[in-house]
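A.B. asks: A structural model of the following input is requested.
(one chain, ligands or ions: 2)
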Amino acid sequence: MQGTQALVAFQASNGTFVAYTTQLSSYTPSMAPEKLTFDVSGVSAEQANGVATIFATLTLPGNGTKVNQVWQAGPVSNGNPAQHPTVAANTNSHSSLDFLTGESVSSGGGNSRLRRKNTHGVLNAVSWGILMPLGAIIARYVKVFPSADPAWFYLHVACQCSGYIVGVAGWGTGLKLGSESAGITYHSHRNIGITLFSLATLQVFALLLRPNKDHKYRFYWKIYHHVIGYTIIVLSIINIFKGFDILDPEKKWKRAYIGVIIALGVVALLLEAITWPIVIKRRRSGEDKSHHGVNSYGA
Ligand code: HEM
Ligand code: HEM
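C.D. replies: Ligands and ions are numbered 1, 2, ... in the order given. As a prediction, this is how the structure comes out:
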């Protein structure tokens, strides 16, 4: 970008990784080493595992602590850095950086955009990632206890319907964020998100499609509802981890979510162990011919 005070690093033709400063005073800069308008010392660079890091000490004018920064990656031609591409990923790479706090704020929307990404993450992690698996646990295990009938059914429907409403809101914020960052599309995260929305919409319509419990098609409804239900849960967890990789928030959030998933998994295993003997006993006595549970709503 014209006017840039640049720190440059690249692999020279003799194989060494060189680093220096230069000014970009036109759109066809020479890229030859040159002093900047402020003092820079100790410029060096290293390249490891495909990542280049430039080190330098900057003495900002007027004892300032903030800079506006742009960064680029481009080809090397005839032993000299050549022009970088000008697609959205390149032209959007600018932010302001505060050396005192270490905070970097993207100038394309600033803090509010980061806040909206966080909101998107929280809405989706809570709805798809916690409420829906919890609702499935309720349907699978609480149903087994006759005294919990029909409470398990209302709890399941409440969990899944509220998960669906919050989840669709979260999905909408994702689409909005995606449409604002023109040129950058997280294809697999987006495709899984759209699949989840479609499957969950179908699943919630179970409310309208559900045949009466004595109906001959009830058996097929149950298979359909189980298959789609567990597919939604697996895809949701995969997409949440993809979301963590895109947003890259502080490690503690990813760890907290992993903790929640492990806790839900342990609860499910314990309940599986507790409920299986009950289910098997019932099956033996011929009381229950269904897979898992006997009650007025599920069997
Ligand atoms: C199952 C849950 C989720 C669904 C259905 C979902 C859905 C979406 C969709 C449809 C997009 C738009 C993609 C595009 O057009 O490029 C998106 C973008 C995004 N999502 Fe998610 N998401 C989920 C979970 C998460 C989580 C848990 C996080 C963070 C921890 C997250 C972070 C992001 C980020 C950072 C973007 C990119 C926004 C941008 O383009 O700048 N997502 N999401
Ligand atoms: C996105 C929303 C939903 C998801 C992800 C979901 C998921 C599930 C799952 C995974 C199971 C199987 C539990 C097991 O292993 O036994 C289940 C069972 C059940 N669900 Fe849902 N569900 C959703 C919405 C609904 C709604 C709206 C209703 C209301 C009719 C409903 C009614 C039932 C019933 C009656 C069962 C028990 C079926 C049986 O007898 O095994 N679900 N659900």
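
A.B. asks: looking at the protein, which helix or strand is least sure?
C.D. replies: helix 88-91 (a mean of 61; mean pLDDT, DSSP states H and E).

A.B. asks: ok, then the element right after it?
C.D. replies: strand 94-98 (DSSP states H and E).

A.B. asks: Name all residues that make contact with the residue nearest to the spatial centre of the chain.
C.D. replies: Centrality entry for the chain: nearest residue to the mean C-alpha point is residue 243, 0.6 Å, by Cα atoms, centre = their mean. The neighbours of residue 243, taking Cβ atoms under 8 Å, 6 or more residues apart in numbering as the test, are 120, 121, 124, 125, 189. Bear in mind the C-beta positions are built from the backbone N, C-alpha and C, glycine included.

A.B. asks: quick one: buried residues of whichever strand or helix holds it?
C.D. replies: Here residue 243 sits within helix 218-247, counting by DSSP H and E. For helix 218-247, a neighbour-count test (16 or more other Cβ atoms under 10 Å) marks 221-222, 225, 229, 232-233, 235-237, 239-240, 242-244 as buried.

A.B. asks: cool, stretch 270-287 as well?
C.D. replies: For stretch 270-287, by 16+ other Cβ under 10 Å, it's 271, 275, 278, 279, 282.

A.B. asks: Rebuild those as a markdown table, extending it with pLDDT, distance to residue 173 and secondary structure.
C.D. replies: Listed next are these as a markdown table, based on pLDDT from 0 to 100; distance: Cβ to Cβ, whole Å; DSSP: H, G, I helix; E, B strand; the rest coil:
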| residue | pLDDT | distance to residue 173 | secondary structure |
| --- | --- | --- | --- |
| 271 | 95 | 33 | helix |
| 275 | 93 | 37 | helix |
| 278 | 89 | 42 | helix |
| 279 | 88 | 41 | helix |
| 282 | 84 | 45 | helix |
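
A.B. asks: Residue 94: which of those residues is nearest?
C.D. replies: Among the buried residues of stretch 270-287, residue 271 lies closest to residue 94 (Cβ to Cβ), at 51.6 Å.

A.B. asks: I'd guessed the closest one sits against residue 137; true?
C.D. replies: Yes: at 6.9 Å, residue 271 and residue 137 qualify as touching, with contact defined as Cβ atoms under 8 Å.

A.B. asks: Just confirm residue 69 is within a strand.
C.D. replies: Yes: assessed by DSSP: H, G, I helix; E, B strand; the rest coil, residue 69 belongs to a strand.

A.B. asks: what about it, how many neighbours?
C.D. replies: 15 (other Cβ atoms under 10 Å).

A.B. asks: same question, the one 4 residues further on
C.D. replies: The local packing count at residue 73 equals 12, with neighbours defined by other Cβ under 10 Å.

A.B. asks: Confirm residue 57 sits in a strand?
C.D. replies: Yes: with three-state DSSP as the criterion, residue 57 is part of a strand.

A.B. asks: which stretches of this protein form strands?
C.D. replies: Using DSSP state E, the strands of the chain run over 4-11, 17-24, 39-48, 51-59, 66-70, 76-77, 80-81, 94-98, 104-106.

A.B. asks: Against residue 119, how distant is residue 201?
C.D. replies: Per Cβ to Cβ, to the nearest Å, residue 201 is found 22 Å from residue 119.

A.B. asks: now residue 84
C.D. replies: From residue 84 across to residue 119, the span is 33 Å (Cβ to Cβ).

A.B. asks: Show the contacting residues for the residue lying closest to residue 162 once chain neighbours are set aside.
C.D. replies: Distance criterion Cβ to Cβ, 6 or more residues apart in numbering; nearest residue to residue 162, sequence neighbours excluded, is residue 131 at 6.3 Å. Going by Cβ under 8 Å, 6+ apart, residue 131 touches 159, 160, 162, 163, 166, 167.

A.B. asks: Output those of the buried residues of helix 218-247 also counted as contacts of ligand 1.
C.D. replies: Contacts with ligand 1 are made by 236, 239, 240, 243, 244 out of those, judged by Cβ under 6 Å from any ligand atom.
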